[in-house]
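Enquirer: Test case, fold it:
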Amino acid sequence: MGVSMLISYERAKAESLGLNAKGGLMERAERIIVLCVGLLFESLIVWIMVAMLVLVTMTALQRFVKVWRQAAVAPIVAERIEVRRSRRASRRARRDDYRARFARRKRLS
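Expert: Residues are numbered from 1 along each chain as shown. The predicted structure is shown next:
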């Protein structure tokens, strides 16, 4: 279960950085299907869970390597993050400036 959550986290984190982390052996749909098959056959559940653990771990490693390689050749991501931060700072500055001007007007009236 922990490795399964790691797969989702890796994808979300990669997408927040502007990278692609789709793919792998056991994406969410495959994990659900294999788990349902395991629940249908009670005698096989232990072996299916072991197989899922191996495949899910391989998927997590695949995604990690994929994102690592993309990040190595795409230093633009850091620039994008910096641009977002500067835009956010300028929006805050404009908002604070507006609030200060509004407060001055209110005090003067």
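Enquirer: to the chain's geometric centre, what's the distance from stretch 54-66?
Expert: Offset of stretch 54-66 from its chain centre (CA atoms, centre = their mean, to the nearest Å): 15 Å.
Enquirer: Pull out the buried positions in that stretch.
Expert: Within stretch 54-66, the residues that qualify as buried are Leu55, Val56, Thr57, Thr59, Ala60, Gln62, Arg63, Lys66, counting by 16 or more other CB atoms under 10 Å. For the C-beta atoms, the positions are set from N, CA and C on the backbone; glycine is no exception.
Enquirer: Mark which of these are part of helices, please.
Expert: Leu55, Val56, Thr57, Thr59, Ala60, Gln62, Arg63, Lys66 (DSSP state H).
Enquirer: now these in a markdown table, with pLDDT?
Expert: Shown next, in a markdown table, are these (pLDDT from 0 to 100):
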| residue | pLDDT |
| --- | --- |
| Leu55 | 93 |
| Val56 | 93 |
| Thr57 | 94 |
| Thr59 | 93 |
| Ala60 | 93 |
| Gln62 | 93 |
| Arg63 | 92 |
| Lys66 | 92 |
